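Undergrad: Below is the sequence, then the predicted model.
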Amino acid sequence: MRNKLLFAGIAVLAVAWLGPLPALAEEAFFGHMLMHMLVVAGAAPLVALGLAGGRWDLSQRYPAVFAPIPASVAELVLVWAWHAPALHHLARMHGWGLVAEQGSFLAAGVWVWLSAFGGGGDRSRGRSASGVVGLLLTSMHMTLLGALLALASRPVYPHHTGYGGMSALEDQHLGGAVMILIGASAYLVGGLWLTGDLLRRPKADDPAPSGATSETGPA
């Protein structure tokens, strides 16, 4: 199953990077956003789940590095930075800028998802709980950024002039809606799934209640 998930993630990357989206993203903001969402909300979770619990699960070797909440904060900073008008324009107009943007999106997405789901079924309750917070935090900041773009009264990116009969503002509104519907929803579902898993698991990692006595103690 891990191999299938990993190959599925690679297939999604191929669709995002080798299909028509890179060319579309040069003209349409919603095309750029769709490519972004396929990477961080499609390919990244599939790749991370394909690695989780296997020999390439780096979260087992470096748990301090793959901590869900710091990973989600770092991803927040990276995503908002690349959506600043200057950096967004750089990624749109220069091939090396697009490679840097998309590569960093993939690395940050895998980092967040592997931090949350790393270890497979052997992850501790503490990691699962931190994973819930990290994924829900990411869902919240994607919702906020998407809403700002979808509800803005003027274009944030002056270098976009619209696409296919849409105005620049309509194109931007559609891009914001794509971020909310795909990105924020994917991370929300991941957080809710981890919450359910956390509730189903025995509290083996929890400390014993204060004052509890052992059944094997002296008579």
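TA: Cool, got the structure.
Undergrad: who's in contact with residue 142?
TA: Counting by C-beta atoms under 8 Å, 6 or more residues apart in numbering, residue 142 makes contact with 79, 179-180, 183-184, 187. Glycine gets a C-beta too; all of them are placed from N, C-alpha and C.
Undergrad: Any chance of the backbone angles for it?
TA: phi -70, psi -40 (degrees, to the nearest 10).
Undergrad: So for it, what's the pLDDT?
TA: pLDDT, residue 142: 95.
Undergrad: Now residue 42: closest residue in space, sequence neighbours ignored.
TA: residue 12 (4.4 Å; C-beta to C-beta, 6 or more residues apart in numbering).
Undergrad: outside of whatever helix or strand residue 175 lives in, which residues touch it?
TA: Following DSSP states H and E, the helix or strand that holds residue 175 is helix 168-178. Identification of contacts with helix 168-178 by C-beta under 8 Å, 6+ apart yields 28-30, 32-34, 37, 145-158, 160-163, 166.
Undergrad: and what of stretch 192-200?
TA: With C-beta under 8 Å, 6+ apart, stretch 192-200 has contacts from 116-117, 125, 128-129, 131-132, 135.
Undergrad: re the thing from before, can I get whichever helix or strand comes after the helix holding residue 175 as CSV, trimmed to CA atoms?
TA: As assigned by DSSP H and E, the chain's next helix or strand after helix 168-178 is helix 185-200. Coordinates of each C-alpha in helix 185-200 appear next as CSV, following Å, rounded to 0.1, in the frame of the first residue of the first chain:
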residue,chain,number,x,y,z
SER,A,185,-10.1,21.1,2.9
ALA,A,186,-7.3,18.5,2.4
TYR,A,187,-5.5,19.6,5.6
LEU,A,188,-8.8,19.8,7.5
VAL,A,189,-9.6,16.2,6.5
GLY,A,190,-6.1,15.1,7.5
GLY,A,191,-6.5,16.7,10.9
LEU,A,192,-9.9,15.2,11.5
TRP,A,193,-8.7,11.7,10.5
LEU,A,194,-5.8,12.0,13.0
THR,A,195,-8.3,13.1,15.6
GLY,A,196,-10.4,10.1,15.0
ASP,A,197,-7.4,7.8,15.1
LEU,A,198,-6.3,9.4,18.4
LEU,A,199,-9.7,8.8,20.0
ARG,A,200,-9.7,5.2,18.9
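Undergrad: Right, I'll leave it there.
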